[in-house]
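Novice: Sequence first, then the predicted structure:
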Amino acid sequence: MAKLTKNQKASLSKLEKGKSYKLAEASALVKEITNTKFDASVDIDIRLGVDPRKANQMVRGIVTLPHGTGKDKRVLVLCTPDKEQDARDAGADYVGLDDMINKIQAGWTDFDVVITMPAIMAKVGRLGRILGPRGLMPNPKSGTVTQDVGVAVKEVKMGKIDFKVDKYGIIHTSIGKVSFSPKKLEENAREFIHTVEKLKPSAAKGIYMKSVYISSTMSPSIPVDVKSVDEQ
């Protein structure tokens, strides 16, 4: 096991062993225990009592965080020429169709979200082997296959994220940056947890939300008392 650095030891010393923190406490503490020179991401991990291998226990959804994620997502819109101006006006970083598809087939993936239209999904489908493994394939469930490409771009730019449970039953996503105030981190976390709660599959038995942890890119994980989520 790698030896802990002085900063890592100092961070761990601020955590009480065996304690689960209230959401407000954890949102403040994650800022205290992060010792980075850059503005680290703050992440949330939720372990669910589901079996993701069963289709009726899959948990997937979208959420718009009240204060965004702090990341400026690069959005590519693949659309027909009549929709290009809508996409640009909404703030899309890259707009086009055949020219962009050719670039992607040549190896270009310098973007974070792809938005497209139902009418051209057949063309976009050819990019599945490139976009699929990177989690970039547009999907109607996540709102990235739509006629209203302008609206979809605005939502992504405002902090809309889509998420799904992994094969271990864990949902992992970013809920902000260390530079956010504790209140903003708390409100983003609460919105995310509530969204996941509402998606509980009827086939899931026993405890649904088994554990919640908040951490930053370089910090230890802070256990959150799930019962405290509704305490303002």
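Specialist: Nice, thanks for sending it over. Numbers count the residues shown, from 1 in each chain.
Novice: in what helix or strand does the most centrally placed residue in the chain lie?
Specialist: Centroid-nearest residue in the chain, with CA atoms, centre = their mean: T173, separated by 3.9 Å. Assigned by DSSP states H and E, T173 falls within strand 170-177.
Novice: What is that strand packed up against?
Specialist: In terms of contacts (3 or more CB pairs under 8 Å, 6 or more residues apart in numbering; DSSP states H and E), strand 170-177 is packed against strand 41-48, strand 160-164, helix 182-198. The C-beta positions use only the backbone N, C-alpha and C, and glycine is treated the same way.
Novice: Pick the most deeply packed of these.
Specialist: When the helices and strands packed on strand 170-177 are scored by mean count of other CB atoms under 10 Å, the highest mean neighbour count falls to strand 41-48 (a mean of 21).
Novice: Tabulate the CA atom coordinates of it in PDB.
Specialist: Below are the C-alpha coordinates for strand 41-48, written out as PDB (Å, rounded to 0.1, in the frame of the first residue of the first chain):
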ATOM      1  CA  SER A  41     -14.500  18.200  -8.700                       C
ATOM      2  CA  VAL A  42     -16.800  17.200  -5.900                       C
ATOM      3  CA  ASP A  43     -18.400  13.700  -6.500                       C
ATOM      4  CA  ILE A  44     -21.200  11.700  -5.000                       C
ATOM      5  CA  ASP A  45     -21.400   7.900  -4.800                       C
ATOM      6  CA  ILE A  46     -24.700   6.200  -4.000                       C
ATOM      7  CA  ARG A  47     -24.800   2.400  -3.500                       C
ATOM      8  CA  LEU A  48     -28.200   1.000  -4.300                       C
END
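Novice: avg pLDDT for it?
Specialist: Mean pLDDT, strand 41-48: 95.
Novice: quick check: angle from that strand to strand 160-164?
Specialist: 40 degrees (axes from the mean of the first three to the mean of the last three CA atoms, to 10 degrees).
Novice: Kindly export the next helix or strand after strand 41-48 (C-alpha atoms) in CSV.
Specialist: Note on strand 41-48: by DSSP H and E, the next helix or strand toward the C-terminus is strand 60-64. Extracted C-alpha coordinates of strand 60-64, given in CSV (Å, rounded to 0.1, in the frame of the first residue of the first chain):
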residue,chain,number,x,y,z
ARG,A,60,-31.2,5.6,-15.0
GLY,A,61,-32.3,9.2,-15.1
ILE,A,62,-31.5,12.8,-15.8
VAL,A,63,-31.3,15.7,-13.4
THR,A,64,-30.6,19.4,-13.6
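Novice: rewinding a little: show me which positions of the strand holding T173 end up buried.
Specialist: The neighbour-count check on strand 170-177 (16 or more other CB atoms under 10 Å) flags I171, T173, S174, I175, G176, K177 as buried.
Novice: low-scoring stretches of the chain, by residue?
Specialist: Residue ranges of the chain with pLDDT under 70: 1-13, 232.
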